[in-house]
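Visitor: Turn this into a structure:
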Amino acid sequence: MNARTVEILDTTLRDGVQSAGVVFSLEDKIKLVRALDSLGVRYIEAGNPFSNPKDAELFRFARDKLKLKNARLAAFGMTRRPGAAAEDDPGLRAILDSGAHIASIVGKSCAFQVREVLGKTLEENLRMIEDTVRFLTESGMAVFFDAEHFFDGYSDDPDYALETLRAAERGGAERLVLCDTNGGTLPGAVAGAVSARLRSSGRRSRSTATTTPDSRPPRRFSRSRRGLCRCRARSTATASGAATRTSAR
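Guide: Purely as a prediction, here's the structure:
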């Protein structure tokens, strides 16, 4: 990708309908997809085919009848259920059956959220991310990993926030989307976190010749130091953060 290229991942059809009073018909969604495509938007997150029948119908229509010039559609979903195999997760199966080009998968990148909201260990969350991404990529889909609460998580426990990105990368994620889910991160903090990710990616890419994920000792993570990402609102990832390409695997 040219360094001057800016890729847009538009979430209007998924995140944009979560405001009170906003309801799109199937016809509305089709018009929006065509309008975004005509603008040159590269990726359109068109909804969750598992939780919303209208979104599933949109994907079927797009697969059979919608000819796009610029955009590729992404189906939104979450990491596999805790304690279950990715291949048995109905939400992931719905994504595969949708006919979408891309799976946009949200997973938690904040240690506090993992423990207090998801109610699971930090290590299990990493397995959920990696297993989910690997299952979809090995099934032939490109995967964008939405790192939910990334910037709050990075402020609280930077090692763990970055490790969630590495888990997605090990699974084969094509893009890492760093989400400012609460919307309160200042530009300087965004720049610092993104720079740390790029430095971490560079170190990892240089070590891949001698180190594989399976040969590394398991990491241990400490409890939250400051609890800066203690948002108990309904968890929804947005793409209004920063996206980075994964390093060479």
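
Visitor: From Ile102, how far off is the residue nearest the centre of the chain?
Guide: The residue lying closest to the centre of the chain (CA atoms, centre = their mean) is Asp146, at 1.8 Å. According to CB to CB, to the nearest Å, Asp146 stands 12 Å off from Ile102. C-beta here means a position set from N, CA and C on the backbone, and glycine is covered the same way.

Visitor: what about Ser19, how many residues close to it?
Guide: The local packing count at Ser19 equals 7, with neighbours defined by other CB atoms under 10 Å.

Visitor: List the backbone torsions phi and psi for it.
Guide: Reported as degrees, to the nearest 10, the phi and psi values for Ser19 are phi -80, psi 150.

Visitor: Over to Ser104?
Guide: Dihedral angles (degrees, to the nearest 10) for Ser104: phi -100, psi 100.

Visitor: Pull up the per-residue confidence for it.
Guide: pLDDT, the model's per-residue confidence, is 97 for Ser104.

Visitor: how much space between it and Leu13?
Guide: Ser104 is 11 Å from Leu13, where distance means CB to CB.

Visitor: Of those two, which one has the most company?
Guide: A side-by-side neighbour count of Ser104 and Leu13, using other CB under 10 Å, places Ser104 first with 29 against 23.

Visitor: Pull the distance from the helix or strand hosting Asp55 to the chain's centre.
Guide: Asp55 belongs to helix 53-65 when assigned by DSSP states H and E. For helix 53-65, the gap between its own C-alpha mean and the chain's C-alpha mean amounts to 21 Å (CA atoms, centre = their mean, to the nearest Å).

Visitor: Buried residues in it, which are they?
Guide: Neighbour-count burial for helix 53-65 flags 55-56, 58-59, 62 (criterion: 16 or more other CB atoms under 10 Å).

Visitor: Stretch 108-126 too?
Guide: Within stretch 108-126, the residues that count as buried by 16+ other CB under 10 Å are 108-115, 117-118, 122, 125-126.

Visitor: Are there helices or strands packed against the longest helix seen in the chain, and which ones?
Guide: Of all the segments assigned as helix in the chain under DSSP state H, the longest by residue count is helix 187-207. On a contact count with 3 or more CB pairs under 8 Å, 6 or more residues apart in numbering; DSSP states H and E, helix 187-207 meets helix 150-156, helix 158-171, strand 175-178, strand 242-245.

Visitor: one step back: list the residues that contact both of Ser104 and Leu13?
Guide: The contact sets of Ser104 and Leu13 overlap at Glu45 (CB atoms under 8 Å, 6 or more residues apart in numbering).

Visitor: surely Val114 meets Leu122?
Guide: Yes: between Val114 and Leu122 there is a contact under CB atoms under 8 Å: 5.6 Å.

Visitor: picking that back up, go through the buried residues of helix 53-65 and name the one nearest Thr137.
Guide: The shortest gap between Thr137 and any of the buried residues of helix 53-65 belongs to Phe59, at 19.0 Å (CB to CB).

Visitor: Next one, pLDDT for the closest one please.
Guide: The predicted local confidence for Phe59 is 95.

Visitor: Return the residues in contact with it.
Guide: 46-47, 49, 73, 75, 98-100.

Visitor: Could you tell me which ranges of the protein sit under the pLDDT cut-off?
Guide: The model of the chain has pLDDT under 70 over residues 1-3, 202-249.

Visitor: please redo it, this time with the cut-off set to 80
Guide: Within the chain, the segments meeting pLDDT under 80 span 1-4, 19, 201-249.

Visitor: Tabulate the buried residues of stretch 108-126 in JSON lines, adding columns for secondary structure and distance to Gly91.
Guide: Supplementary listing: the buried residues of stretch 108-126 in JSON lines, determined by DSSP: H, G, I helix; E, B strand; the rest coil; distance: CB to CB, whole Å:
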{"residue": "Lys108", "secondary structure": "strand", "distance to Gly91": "16"}
{"residue": "Ser109", "secondary structure": "coil", "distance to Gly91": "19"}
{"residue": "Cys110", "secondary structure": "coil", "distance to Gly91": "21"}
{"residue": "Ala111", "secondary structure": "helix", "distance to Gly91": "24"}
{"residue": "Phe112", "secondary structure": "helix", "distance to Gly91": "24"}
{"residue": "Gln113", "secondary structure": "helix", "distance to Gly91": "19"}
{"residue": "Val114", "secondary structure": "helix", "distance to Gly91": "19"}
{"residue": "Arg115", "secondary structure": "helix", "distance to Gly91": "23"}
{"residue": "Val117", "secondary structure": "helix", "distance to Gly91": "18"}
{"residue": "Leu118", "secondary structure": "helix", "distance to Gly91": "15"}
{"residue": "Leu122", "secondary structure": "helix", "distance to Gly91": "22"}
{"residue": "Asn125", "secondary structure": "helix", "distance to Gly91": "17"}
{"residue": "Leu126", "secondary structure": "helix", "distance to Gly91": "19"}
